[in-house]
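A.B. asks: okay, here's the prediction I keep looking at, along with the sequence it came from:
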Amino acid sequence: MNWFLKLMSSSLGKKYVMALTGLFLCTFLVVHMIGNLQLFKSDNGMAFNLYAVLMTTNPLIKTVSYLLYAFIVLHAIQGIRLVFQNKSSRPVQYAVYDGKSNSSWASRNMGLLGTLLLVFLVVHMSDFWWEYKFGHVPYATYATNIETGEVKFIPAPADYKQFNKIEENVISTADGQYRIVTVKNLYLEVKEGFKAIWLVALYIIAMAAVSFHLFHGFKSAFQTFGLNHSKYNGIINFIGVWGFAIAIPLAFAAMPIYFFINQ
Amino acid sequence: MSEKLLNLTLKVWRQRNSKDKGGFETYAMKGVSTDMSFLEMFDVLNEQLINEGKDPVAFDHDCREGICGMCSMFINGRPHGPKQAVTTCQLHMRSFNDGDTITVEPWRAKPFPVIKDLVVDRSSFDRIISAGGFISVNTGNAQDANAIPISKEDADESFAAAACIGCGACVAACKNASAMLFVSAKVSQLALLPQGQPEREQRVLNMVAQMDSEGFGSCTNTGACSAECPKEISLSNIARMNRDYFGASIAGK
Ligand code: SF4
Ligand code: FES
């Protein structure tokens, strides 16, 4: 155990933790982004709401999500500790410091960007995650005609509640058999939430922070793990820049903009 | 390039001793030749100061040919000034323009306390080397140089790492005052050679432990160190040290 504590308390050990948790959060971001693309479907939120049920009921996904929360906390605490420790390594500051000549702005401001993201995460989780789990999200019913595939959307009364996250059954009517599904209408929360311009603005700023944070963070994690080789540095950089610093933040930012424009 | 004469304003950090708070002094320099090195300009300044009966500026220097690593000056926000891959002694005044104001500060890091003016104490680097940056040899006749085969690539990489002159510009440039580039160069030069293998694990563990206890910051991979290093030591050395340290922590004896 001694060797482990020594490793974890060393400057390198702390960085391994940052890199490991950081890369895990990166993979989560990919899943989150792909899942959320269903917000763009014009199906009154059926696909998205069913996806939300899957994410909160599947035992495997639930286990991974607890790991995810733990990693977010670890990444944040460790990051803040490192910022302060690193500051104390230079008690007297330079009068003139020309950082832009030797390093990227993002790489010098990971702490600032991370803090922004932490604030965003609190707002984001209390808006949707907390609301979905503990708040009052109205229910909606989707009735799918089994023969024609046509879907009817029936909002539930405001005071309707059900014990299970999802209620499913099949009924027969004069115009055929219907599969009835009733779930929380998180889609509506999203749609309503992004009518507020300040929230849209906050999301766009936060996605800019994600972009800069991962522009440096993704490739930096590989360097921390000692993975630096001309054989694969190109692909790591490519994924870091085009995937994590450009495509993912753009896709996420498109969601609030989409709802704001289409309100 | 023909010689020109520059008029410059120097803002130099003056600090009597490690206890003194210190502050900037401004000096007007007239007719500085573009052919002078930065240190030669300081020689001229010090002549002036001595003639005026003032205390000359203390600054470190030894070889004045870019190999000893003594000439630590933080010039206009960058270690060793605006040029890449040079030390201060190899920086010439032609890199500046007439009328420039040049700010000169000592390296700033907790493990590099200021002794006087621009001179800092870099013995923390020596203690890191003493912690493991060597090979223990038994006495006896020197072996034939070609007795142990070493691949050309490894020899080249080891040599590139061994070019580190311990100047401390990496620490000075780093926003965290991290010594990762220096330590990784000293770990790598031996890790790449067969002679370095017997003590490889213990070396990296001990040197990192010493680096941490000296109070250097940890690495954010900004790359400022390598960009400012006069010997262009590569970040791949830091990656190697990250690998070695992890391996040695997990599997080391
Ligand atoms: S790594 Fe480069 S900057 Fe750092 S001490 Fe060695 S030569 Fe100087
Ligand atoms: S005085 Fe030796 S490197 Fe500059």
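C.D. replies: Great, that's in hand. Numbers count the residues shown, from 1 in each chain, chains lettered A, B, ... in the order given. Ligands and ions are numbered 1, 2, ... in the order given.
A.B. asks: low-confidence regions, the stretch 1-150 of chain B specifically.
C.D. replies: Per-residue confidence of the stretch 1-150 of chain B (counting by pLDDT under 70) places the weak regions at B:1.
A.B. asks: distance of the residue in it that ligand 1 sits nearest to from residue B:202?
C.D. replies: Scanning the stretch 1-150 of chain B for the residue nearest ligand 1 gives residue B:69, at 5.9 Å (criterion: Cβ to the nearest ligand atom). Any C-beta I mention is one placed from the backbone N, CA and C, and that applies to glycine too. Noted for residue B:69: a distance of 26 Å to residue B:202, by Cβ to Cβ, to the nearest Å.
A.B. asks: okay, those two: which has more neighbours?
C.D. replies: The residue with the greater number of neighbours, taking residue B:69 and residue B:202 and applying other Cβ atoms under 10 Å in any protein chain shown, is residue B:69; the counts read 21 against 14.
A.B. asks: check whether that one really touches residue B:165, as I assumed.
C.D. replies: Yes - using Cβ atoms under 8 Å, residue B:69 makes contact with residue B:165 at a distance of 3.4 Å.
A.B. asks: joint contacts of the two?
C.D. replies: B:87, B:230 (Cβ atoms under 8 Å, 6 or more residues apart in numbering or on different chains).
A.B. asks: which residue ranges of the stretch 151-263 of chain A form helices?
C.D. replies: Remark: helices assigned in the stretch 151-263 of chain A by DSSP state H, counting those that start in this stretch are A:186-193, A:197-224, A:233-238, A:248-261.
A.B. asks: and what of the stretch 151-253 of chain B?
C.D. replies: Per DSSP H, counting those that start in this stretch, the stretch 151-253 of chain B has helices spanning B:152-162, B:169-173, B:180-191, B:200-214, B:224-228, B:236-251. These are given in chain order.
A.B. asks: out of the ones you listed, nearest to ligand 1?
C.D. replies: Proximity to ligand 1 (Cβ to the nearest ligand atom) singles out helix B:169-173 among these, at 3.2 Å.
A.B. asks: now the residue of the stretch 1-150 of chain B closest to ligand 1: phi and psi?
C.D. replies: The phi and psi torsions at residue B:69 (degrees, to the nearest 10) take the values phi 80, psi 20.
A.B. asks: now swap in residue A:122 and tell me
C.D. replies: In this entry, residue A:122 is assigned phi and psi values of phi -60, psi -50 (degrees, to the nearest 10).
A.B. asks: got the confidence number for it?
C.D. replies: Residue-level confidence at residue A:122 comes out at 95, pLDDT.
A.B. asks: kindly report the same for the one 10 residues further on.
C.D. replies: On pLDDT, residue A:132 comes in at 89.
A.B. asks: please apply the same query to the one 3 residues further on.
C.D. replies: pLDDT for residue A:135: 86.
A.B. asks: and residue 112, what is it in contact with?
C.D. replies: The chain I'm using is chain A. Counted by Cβ under 8 Å, 6+ apart, residue A:112 has zero contacts.
A.B. asks: meant chain B, my bad for not saying
C.D. replies: B:106, B:120, B:121, B:122, B:124, B:168, B:171, B:172, B:177.
A.B. asks: and the gap between the residue of the stretch 1-150 of chain B closest to ligand 1 and residue A:108?
C.D. replies: When Cβ to Cβ is the yardstick, residue B:69 and residue A:108 sit 25 Å from each other.
A.B. asks: in which helix or strand does residue B:103 reside?
C.D. replies: With elements taken from DSSP states H and E, the one containing residue B:103 is strand B:101-105.
A.B. asks: buried ones in that strand?
C.D. replies: Using 16 or more other Cβ atoms under 10 Å in any protein chain shown as the burial criterion, the residues of strand B:101-105 that qualify are B:102, B:103, B:104, B:105.
A.B. asks: helix or strand right after the helix or strand encompassing residue A:51?
C.D. replies: Following DSSP H and E, the helix or strand that holds residue A:51 is helix A:46-57. Elements were assigned by DSSP H and E; along the chain past helix A:46-57, the next helix or strand is helix A:59-88.
A.B. asks: now that following helix, how far from the centre of its chain.
C.D. replies: For helix A:59-88, the distance from its own C-alpha centre to the chain's C-alpha centre is 14 Å (Cα atoms, centre = their mean, to the nearest Å).
A.B. asks: that helix near chain B at all?
C.D. replies: Yes - counting by Cβ under 8 Å from any Cβ of the partner chain, contacts between helix A:59-88 and chain B involve A:82, A:85, A:86, A:88.
A.B. asks: mind checking pLDDT for the first one?
C.D. replies: On pLDDT, residue A:82 comes in at 98.
A.B. asks: isn't it up against residue A:13?
C.D. replies: No - taking contact to mean Cβ under 8 Å, the distance of 11.3 Å between residue A:82 and residue A:13 leaves them out of contact.
A.B. asks: show me the domain layout of chain A.
C.D. replies: If you go by automatic domain parsing, the domain ranges for chain A are A:2-91+A:107-136+A:187-261, A:139-184.
A.B. asks: what sits against whichever residue of the stretch 51-200 of chain A sits closest to ligand 1?
C.D. replies: Proximity of the stretch 51-200 of chain A to ligand 1 (Cβ to the nearest ligand atom) peaks at residue A:102, 11.3 Å away. Residue A:102 makes contact with B:78, B:173, B:222, B:223, B:224, B:227, B:228 under the criterion Cβ under 8 Å, 6+ apart.
A.B. asks: restrict the residues you listed to those near chain A?
C.D. replies: The subset of those lying close to chain A, counting by Cβ under 8 Å from any Cβ, consists of B:78, B:173, B:222, B:223, B:224, B:227, B:228.
A.B. asks: so which of these is the most crowded?
C.D. replies: residue B:173 (30 neighbours).
A.B. asks: let me see the backbone angles for the residue of chain A at minimum distance from ligand 2.
C.D. replies: The minimum distance from chain A to ligand 2, using Cβ to the nearest ligand atom, falls at residue A:102 (19.3 Å). With angles defined as degrees, to the nearest 10, residue A:102 sits at phi -130, psi 0.
A.B. asks: next, count neighbours for residue B:135.
C.D. replies: Residue B:135 sits with 13 neighbouring residues when counted by other Cβ under 10 Å.
A.B. asks: surely it touches residue B:197?
C.D. replies: No - taking Cβ under 8 Å as the definition, residue B:135 is not a contact partner of residue B:197, at 9.6 Å.
A.B. asks: what separation do you get for residue B:152 and residue B:184?
C.D. replies: Note on residue B:152: its distance to residue B:184, by Cβ to Cβ, is 22 Å.
A.B. asks: neighbour count: these two, which is higher?
C.D. replies: For the pair residue B:152 and residue B:184, the greater number of neighbours falls to residue B:184 (32 against 7), based on other Cβ under 10 Å.
A.B. asks: return the distance of the more buried one relative to residue B:131.
C.D. replies: According to Cβ to Cβ, residue B:184 stands 14 Å off from residue B:131.
A.B. asks: same check on residue A:48?
C.D. replies: Residue A:48 sits at a distance of 57 Å from residue B:131 (criterion: Cβ to Cβ).
A.B. asks: check residue A:9 too.
C.D. replies: As judged by Cβ to Cβ, residue A:9 and residue B:131 stand 17 Å apart.
A.B. asks: who has more neighbours out of these two?
C.D. replies: The residue with more neighbours, out of residue A:9 and residue B:131, is residue B:131; 20 against 10, by other Cβ under 10 Å.
A.B. asks: ok, back up a step: which of the helices of the stretch 151-253 of chain B is buried the deepest?
C.D. replies: helix B:169-173 (a mean of 29; mean count of other Cβ atoms under 10 Å in any protein chain shown).
A.B. asks: find the nearest non-adjacent residue to residue A:83, please.
C.D. replies: Distance criterion Cβ to Cβ, 6 or more residues apart in numbering or on different chains; nearest residue to residue A:83, sequence neighbours excluded, is residue A:111 at 3.9 Å.
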